[in-house]
Every structure is written in C-alpha cells, then in structure tokens.
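*Asks:* sequence first, then the predicted structure:
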Amino acid sequence: MVLAEDLAKQQRSISVAEFFEKNKHLLGFDSPTRGIITTIKEAVDNALDACEEAEVLPDIFISIKRVDTEVYRITVEDNGPGIVPENVPLVFGKLLYGSRFHQIRQSRGQQGIGISAAVLYAQLTTGTPARVTSRTGAKVRAHQFELMIKTETNEPEIISHEEIDWDRTHGTRIEIQFKSSLAAKKRLMDYLRLTAIVNPHARITAEIDGEVTVFERVANEVPPCPKSILPHPHGIEFGALKRLAAASTGTVEEFLIGSFSRVGKKTADEMIALAGLKPTQKVKKLEPEELTRLLDAMQAVKVPAPPAQQCLSPIGEDLICKGLEKEIQLDFIKARTRPSMVYGGHPFIIEAAIGYGGKIPPEGSAQIFRFANRVPLLYQQGACAITNCVSQVNWKNYGLSQQGLPMGPVLIMVHVASTNVPFTSESKDAVASIPEIEREIVLVLQELGRELKTYLSRRERKKQQDDRARAICSVIPEIAAKVSEIVELPLVDTSPIEGRIMRKVVAKKRTIDGKVRIDVNNYTEREVTFVLYNLSRDSADDADPRPDFVDEIDGDYNKVWRRTLGPGEVWRVVYTGSGDGTLDLRGVEDEKKVVVDLDV
C-alpha cells in the first residue's frame, strides 16, 4: 500500500513539448549535423506552402553563419503573406499548432511540429530564444518577436516584442541559433538542389559560411494551391465517425451528404438502407451499434474516388524535366505522371522521371531521388517503399545491369503526392509500404524503363553507323591524296564529302594574311540551331557578323554566336586576328537540349 502511494505521487501528465524534448530524434534532430538540415527543411517547407497559398512566386533566402566555435545562426526568410502578430508566438512556440492538420489536401507540413521543434532544439542546445520577424502588408510595420517554449505546458514564452521597419512589404523571417557543425554541408546543398528541382517556380538563395549559391526558377507560374476536400467514406474509422456524428445536428441523410466527399442523395440512401436506418433519424442520437452498421455500409457501398484534381498539385512532366535539366546535365530525360489513385480513402498521384548519361557517374548504383509532396527525402533510403519498388523492377529488360538497384549512369526520381503521405515515422524520411502506392510506382518505372530501352537501342544503332562512317572517312583523305598524285592535280578538300557521310555540322577555322575565317557547314538533312564559342585573345572588334555576346576570360575573349542553318547551308564569320584559341560548337534542339554529336 505504501509503495503504491509512493508510485502514485510520482505519476503526472507530460506535455508534448516535454515528450519531444527527450525524444528529439523522432523529429529528425538526432544529431547536431542533421539538426541544421532538419531546421532548414522545416522552415523552407513552411515558406513554400505560405507563398503558394498567397499565389506568390517564392523568393527564399537561407543563411548559415558561425557565431561561436560550435554555434551557428540559421536564418530563413521568405516573401510570403506573413503571419498576423497574435499568431506568431503560437506558430513558432507551440508544438502541434497549425492550420493544415484538419484539412484534407496536399501540403508539405501537416502536424504543426517541425518549425516549433527547431525552436525547442535551439533552446535545448544553446538556451537562446528564436527571433521571428513578420510583416503582412506594406501599410503596416513589421513585428519582431523573441520567444521560447515552456516545455512543461507546451506554451510560447515571449521574451520581447516590438514593431520595426523592414524592407520587405510582406514575408516572414526566422533566426535560430544552436550548436551544430557544417559536416553535412554537401548533404545540405543536395537538399536545396533537390528542393529546387521539384519546386521549379521557386528561387532559392543560400549563403553558407560566406559562399552564396542561387537556384534560379525555371517556371514563372505559381502552381494551383490544392483545396481542402471532405473525408471520403472509405477512409473513415469508427472513432472519427463517432466524433463527426456527435458534432452534427442534422439527419443521417444530411450528415452523409454534407460531411463526406462524393456522396450524393442516391449513394446516401443506399448506405442508410444497407445499415437498416431511417433517413430522418438524428445522427447524433445513433447508438454505437447503429454507428457500426452505418460504418460497415459506408465501406461496402461503391463510391467514386475523391476529386484528386482539386486537392492535389502534381509537378507535371514538363516541369520535372526542366527542373532536372537545370540542375543536372543529362543526355536523356523522360518523365511520367500516373493517373490519380486511392488508398484507404486518400487520393494520391505518382510521378517519376528517369535520366541517363551526362554528368552522372558511370560506375556504381543508380542515383535515387525520393520526394513526397514536393519535399526531398534524404534519409532512410533503404527503409523506403520507393527504393524497394526500384529494386523490384527487372532493369535488365531495359538494357541496364542490376545488383538490387540498377547500375550505371542512371538517375531515377519518384514523387508521391497525396493528401496523407504514409510515412514510416514522425521525421518523415521514408514512405511506408502501401500496396496501392507500390503498384503505381512499379508501373510508372516500367513505363520509363521502356522509354530508356528505346533510347539506348537508338544510341547503339547510331554508334554503329558512326563507327562505320568514321572507318570510311578515315581512308577518304588517303584516297584523295593518291588520286591527286595520279592525275597530277592539286589536293582537294574532302571535308564536304566526310561531312555528308557523317551527317554532321562541321566548324573549321582558318587564318590567312591576318584574317580569321570560321566556316560552319550543315551536312545534315534537317535544320539545326547551333551556338558557336570562340575562345581567343583576338577581340574580333571588326567581326562580320558581330557576335551575340563577348566576355573576357583570363585575358582571352569568349565570342558567342547563335544561328540557325537549313540542310546543306553554310555560315561564315570573318575578323582580323591571329586565330589562336579553341573553338566549340554546340547544337540546340527544341531550344533546350544540347546535341553532343557535332564535329569541330
């Protein structure tokens, strides 16, 4: 009895802030190195969501500065709509406070834990408050707060609050200071690069230890902001149904039609009849046994899938390709967006892309890029359903070697967009194994595998043709020399013949009597747009035609011309000079893809 009383005195409730203070690893703050990445990730996610809701093209600034031996100040600033002053302490100083948890729509943040957990981590490691600046419009001044979290009550503690002048007309800025290290700088840059790929409408500027990197936007339209939808009958559970019914004042029929997605009068009547209820019964007065029958009927009746076009915002095939091409040079890139599907009443869309060659390392396993609701997943790759699906595909059928994952210069990207991404933990590092999601991922990868196989087959055929053509062209000059010797005539230029055989665009530079002449011949059977780079000490002030662009590089002048030639056409430029330096000719196809098989 005495022992029981002593134990009873030790028992007390704990706040969610206390729980996560002792279990910070659950939120991605398991090490000082990872703490920086998690903090920036949560702040950037909030900034992107806010900008898209306000239909503003995101312009995000990130700064990491060392303020002491092991202490860094993290700053993230955006141009979103800002936060009203009375809500700032709650958003940043209270865990599980947010606007998206009760909304059924695609968003990066959900629970309202991430950024406030970063504030908690900062005060845990350095004891310094977070500084938040927010401005909601040009006609009002900005409000600046210094705040911490009272872990015993999970409530914000405002250290200071003042109105200040700020050069942004609207936006939010958060500064957090904690102990860490920049050992994970490469991984941090990878996160920012991946974020830029799946958010091609955002401009992200990062200043890390004085080094500035800018990830420019490639799209000038804000993606449509997903709209909240009602819960789907097939995704509801008994506890949620009981809570919704208790809050309703209408009849069973009115409750079903007004509280659930895709339920009309006909569907509602079918559910009510199957449950053995009356349409006019008040839903809040239903007994637990009646609610159980109603739930079973809701699951049994066929209901159309939720309106995915309304609540989801996929990236799109074209923007995926543009985002990847902006950050990674590739020889081949294809993207696919699958039709929307449903798991457990939650709509989702799978998007994927596959890239080959370029600057991808030729050895080792394929690079796997995983995303959920436009957010990169950097950790726990082996525990993720996306990685498992990549391993399930037989890539040998598509021309790749395979040891679990495909091998070679291959990049595979998979994006899961859903109103409820099934993560394996609170840190949101890996997607759980849901059969419906896995099936869609495998299907889209197989589609892309067939595209890759076609490309590799064409490339192999072209290589064989080029090898045969080069073999022929290698003997043509020797034949021409012998013929010239036999007929006792001057040696002819065999370049046009070689160019026609090779079906290439050929650039040649000659210098005669102080005049430099560059000839570009289009020996192909199609129109070609090319860019000619001439790096030389010659300034080429009298070049005809004039270059489109001239830049001095280490004492040399890089002269750039961009032109379009029809089949068989010749383009020439002449200027005064010595003709030293290198010449580089690059073809442009569809104004975006570099053709690499041009001879110079």
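*Replies:* Received the coordinates, thanks.
*Asks:* correct me, but residue 177 touches residue 67?
*Replies:* Yes. Counting by CB atoms under 8 Å, residue 177 touches residue 67, with 6.6 Å between them. C-beta: built from backbone N, CA, C; applies to glycine.
*Asks:* more neighbours: which of these two?
*Replies:* residue 177 (22 against 11; other CB atoms under 10 Å).
*Asks:* in which helix or strand does that one reside?
*Replies:* Element membership for residue 177 (DSSP states H and E) is strand 171-179.
*Asks:* burial measure for residue 325, as a count.
*Replies:* Using other CB under 10 Å, the number of residues around residue 325 comes to 18.
*Asks:* which neighbours do residue 177 and residue 67 have in common?
*Replies:* Listed as contacting both residue 177 and residue 67 by CB atoms under 8 Å, 6 or more residues apart in numbering are residue 73.
*Asks:* residue 81: what's it in contact with?
*Replies:* 50, 51, 53, 54, 56, 136, 170.
*Asks:* can you put the residues you listed in TSV and add neighbour count and pLDDT?
*Replies:* Output for the contacts of residue 81, formatted as TSV (neighbours: other CB atoms under 10 Å; pLDDT from 0 to 100):
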residue	neighbour count	pLDDT
50	20	87
51	24	89
53	16	86
54	15	87
56	17	90
136	18	90
170	19	92
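*Asks:* which one of those sits closest to residue 124?
*Replies:* Proximity of the contacts of residue 81 to residue 124 (CB to CB) peaks at residue 50, which lies at 26.2 Å.
*Asks:* pairing partners for the strand holding residue 177, with directions?
*Replies:* strand 71-78 (antiparallel), strand 130-135 (antiparallel) (DSSP bridges).
*Asks:* out of these, which is the most enclosed?
*Replies:* Most buried of the strands paired with strand 171-179, by mean neighbour count (mean count of other CB atoms under 10 Å): strand 130-135, with a mean of 23.
*Asks:* tell me which strands the helix or strand that that strand is followed by pairs with, and in which orientation.
*Replies:* Following strand 130-135 in sequence order, the next helix or strand is strand 142-150 (DSSP H and E). If you go by DSSP bridges, strand 142-150 pairs up with strand 130-135 (antiparallel), strand 155-164 (antiparallel).
*Asks:* how many residues are close by residue 478?
*Replies:* Residue 478: 10 surrounding residues under other CB under 10 Å.
*Asks:* to clarify, my last question referred to residue 264.
*Replies:* Using other CB under 10 Å: residue 264 sits among 11 other residues.
*Asks:* can you check the pLDDT for it?
*Replies:* Looking at residue 264, its pLDDT stands at 89.
*Asks:* what does the domain assignment say about this protein?
*Replies:* What automatic domain parsing lists as the domains of the chain is 16-215, 233-300, 331-456, 495-595.
*Asks:* reformat the ones you listed as JSON lines; add distance to residue 309.
*Replies:* Converted to JSON lines, the domains of the chain look like this (distance: least, CB to CB, whole Å):
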{"stretch": "domain 16-215", "distance to residue 309": "11"}
{"stretch": "domain 233-300", "distance to residue 309": "13"}
{"stretch": "domain 331-456", "distance to residue 309": "7"}
{"stretch": "domain 495-595", "distance to residue 309": "28"}
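*Asks:* okay, strands next: where are they in the stretch 251-400 of the chain?
*Replies:* Taking DSSP state E, counting those that start in this stretch to define them, one finds strands in the stretch 251-400 of the chain at 332-337, 341-343, 346-356, 367-372, 375-376.
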